[in-house]
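Asks: next one to model:
(one chain, ligands or ions: 1)
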Amino acid sequence: MSLQKFDRRLNGLQRLTGFRIRVINRIAGESGKVKLFKFVSTTCLILLLAIMNLLKFQADQIFTGKEMLTGNPVLVCSADGIVKDIVDKTEAGDDIQKLTGILAPGFINCHCHLELSHMKGLIPERTGLIDFVFCVVTQRHFPQEEILDAIAQAENEMIANGIVAVGDICNNLDTLIQKEQKNLWYYNFIEASGWLPGIAQQRFLRSKQYYEIYSEIFSASMAPHAPYSVSDELWQLITPFFKDKVATIHNQETAFEDELFSQNTGDFVRMYEMMKIDHSFYKPSGKTSLQTYFHKFQSAAQILLVHNTFTKEDDIKFIKKARGNNVSFCLCINANQYIEQSLPPVNLLREQGCTIVLGTDSLASNRSLSILDEIKTIRKNFPSVTLEETLKWATFSGAKALQMDDKLGSFEKGKQPGVILLESGLKDLKRLI
Ligand SMILES: [Zn+2]
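Replies: Modelled structure (predicted):
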């Protein structure tokens, strides 16, 4: 049905309801019952109109989540943001809001650690991953009130930055109270870690307890922290929890990761010594990290590999052979810059036709929780990447990676993806819905 037809039907409905009230008044006078009926009818009509109240946005361009539209398209949605249609201006009727910039669906932040928000600015930049991980493990303990305040502030920051959904790593229940307010959509990745085989059962039971609490309320799955921090014994315990879920892991964030798996040398051996972890049991696979563990994700519906800073062409070819689709590569470029001033292999991933999505990582390793800031850094360092590509990574691809594409990520009828306006030159963004 075109919008003009829709408007006509609405006007018809208004006329019909008004007519019925007038007829009843004439027949029965203003008796108590009729007054009540009139009141109820009028209230229903107002509610109906409020429900049908449409918002119409026209901008210089509309990015749908999949492609950039030019010409005179108008995005039409209900007051609460449910997409009704994208139509040409000539079919949109009256009350169109004309805006300057690009309209896009709300952003999806595929990788965050909301629970580390109180660590903003605490760890110096460019320490390298090994010392960064050591600082997080040893310095994360703060008074609970400060932790909860920082979590609330960080969520507000994401909302202001146009983010509508988050893939969030959880090692405790600190973020639960904030998430229960349902200001954002969350896919909760309950992290498990422990390099020593002897602590696998204890670590598994702790993570499983958190998983059961989160999964009662939200989308949730169990997540191994990183290949260098999860023993084979712990992998075995958590693998059954990947089935039909989104499985995620910090992947190849430093060159030392492949060195550990292929040769059992490098900076991770130093990290185990720093953390007083007995590493003598370990036998290297002789392969890269990714090629060592990837098959363990076989039963997952979606696989979300985070960072991939040192992923090579052979690894990507290996993945494509093992599993053609439903693997997403999450870039957290500002965190890579913060921790060790490295850049992810953006052009390699594009050339190999990989699905790319975006994440901010935590405030312990980033100055902001802003997908727009991630886009700006990518485009600054990789000028051949188009704006359209990055917007697709930040919207539709991200929603699919988190199994939220039924409601978020694109301007398709019936979805409620949020609406943001990107100012020209990507200087800023405004959240419209
Ligand atoms: Zn992370």
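
Asks: what residues does the helix or strand in which residue 137 is found touch?
Replies: According to DSSP states H and E, residue 137 maps onto helix 129-139. Under the criterion CB atoms under 8 Å, 6 or more residues apart in numbering, residues 116, 119, 122-123, 127, 253-254, 256, 267-268, 270-271, 274-275, 339-340, 364-365 lie in contact with helix 129-139. No exception for glycine: its C-beta is placed from N, CA and C like everyone else's.

Asks: what subset of the residues you listed is buried?
Replies: Among the contacts of helix 129-139, the ones that count as buried by 16 or more other CB atoms under 10 Å are 116, 119, 123, 127, 253-254, 256, 267-268, 271, 339-340, 364-365.

Asks: let me see the mean pLDDT of the helix holding residue 137.
Replies: Here helix 129-139 scores 84 as its mean pLDDT.

Asks: show me what secondary structure element comes after that helix.
Replies: Downstream of helix 129-139 (by DSSP H and E), the next one is helix 144-160.

Asks: helices and strands around that next one, which ones?
Replies: helix 176-179 (3 or more CB pairs under 8 Å, 6 or more residues apart in numbering; DSSP states H and E).

Asks: got the angle between whichever helix or strand comes after the helix it packs on and helix 144-160?
Replies: Following helix 176-179 in sequence order, the next helix or strand is strand 185-192 (DSSP H and E). Between strand 185-192 and helix 144-160, the angle comes out at 140 degrees (axes from the mean of the first three to the mean of the last three CA atoms, to 10 degrees).

Asks: name the residues that touch strand 185-192?
Replies: 164-171, 179, 203-204, 207, 210-211, 214-215, 218-225, 230, 234, 237-238, 246, 248, 402-404, 407-408.

Asks: one more: stretch 275-294?
Replies: So stretch 275-294 is contacted by 134, 137, 195-197, 224, 227-228, 235, 249, 251-252, 257-258, 260-264, 269, 272-273, 305, 311-312, 314-315, 318-319, 322-323 (CB under 8 Å, 6+ apart).

Asks: what's the mean pLDDT across it?
Replies: pLDDT averaged over stretch 275-294 gives 94.

Asks: buried stuff in that stretch?
Replies: 282, 287-294.

Asks: and what of stretch 57-72?
Replies: Those buried within stretch 57-72 under the rule 16+ other CB under 10 Å are 57-59, 61-66, 69.

Asks: ok, now stretch 228-240?
Replies: Of the residues in stretch 228-240, 228-231, 233-234, 237-239 count as buried by neighbour count, 16+ other CB under 10 Å.

Asks: mind putting those residues in JSON lines, pLDDT included?
Replies: Below are these laid out as JSON lines (pLDDT from 0 to 100):
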{"residue": "228", "pLDDT": "95"}
{"residue": "229", "pLDDT": "95"}
{"residue": "230", "pLDDT": "97"}
{"residue": "231", "pLDDT": "96"}
{"residue": "233", "pLDDT": "97"}
{"residue": "234", "pLDDT": "98"}
{"residue": "237", "pLDDT": "98"}
{"residue": "238", "pLDDT": "98"}
{"residue": "239", "pLDDT": "97"}
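
Asks: now do the same contact list for residue 193.
Replies: Here residue 193 is in contact with 203, 224-226, 229-230, 234 (criterion: CB under 8 Å, 6+ apart).

Asks: quick one: which helix or strand includes residue 268?
Replies: With DSSP H and E as the test, residue 268 turns up in helix 267-274.

Asks: that helix packs against which elements?
Replies: helix 129-139, helix 255-263.

Asks: need the winner for burial among the ones you listed.
Replies: Counting by mean count of other CB atoms under 10 Å, helix 255-263 has the highest mean neighbour count of these, with a mean of 20.

Asks: what helices and strands are in contact with it?
Replies: Counting by 3+ CB pairs under 8 Å, 6+ apart, helix 255-263 packs on helix 267-274, helix 289-293.

Asks: got the angle for the helix or strand following the shortest one vs helix 255-263?
Replies: What it means is helix 289-293. Scanning forward in sequence from helix 289-293 by DSSP H and E, the next helix or strand is strand 302-307. Taking the same axes, to 10 degrees, one finds that strand 302-307 is oriented at 110 degrees with respect to helix 255-263.

Asks: quick one: name whatever helix or strand follows strand 302-307.
Replies: By DSSP H and E, the next helix or strand past strand 302-307 is helix 313-322.

Asks: okay, now the domains of the protein?
Replies: 1-52, 54-106+411-433, 107-408 (automatic domain parsing).

Asks: what distance separates the opening and closing residues of the longest one?
Replies: The first and final residues of domain 107-408 sit 9 Å from each other (CA to CA, to the nearest Å).

Asks: out of the domains of the chain, deepest packed?
Replies: It is domain 107-408: most buried of the domains of the chain by mean count of other CB under 10 Å, with a mean of 19.

Asks: chain center to that one, what's the gap?
Replies: Centroid separation for domain 107-408 versus its chain: 12 Å, with CA atoms, centre = their mean, to the nearest Å.

Asks: shaky segments in the protein?
Replies: Across the chain, the ranges flagged by pLDDT under 70 are 1-52.

Asks: how about a cut-off of 80?
Replies: Of all residues in the chain, those with pLDDT under 80 make up the ranges 1-52, 324.

Asks: columns distance to residue 330 and secondary structure on top of the buried residues of stretch 228-240, output as CSV?
Replies: Supplementary listing: these in CSV, determined by distance: CB to CB, whole Å; DSSP: H, G, I helix; E, B strand; the rest coil:
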residue, distance to residue 330, secondary structure
228, 18, helix
229, 18, helix
230, 18, strand
231, 24, coil
233, 27, helix
234, 22, helix
237, 25, helix
238, 20, helix
239, 21, helix
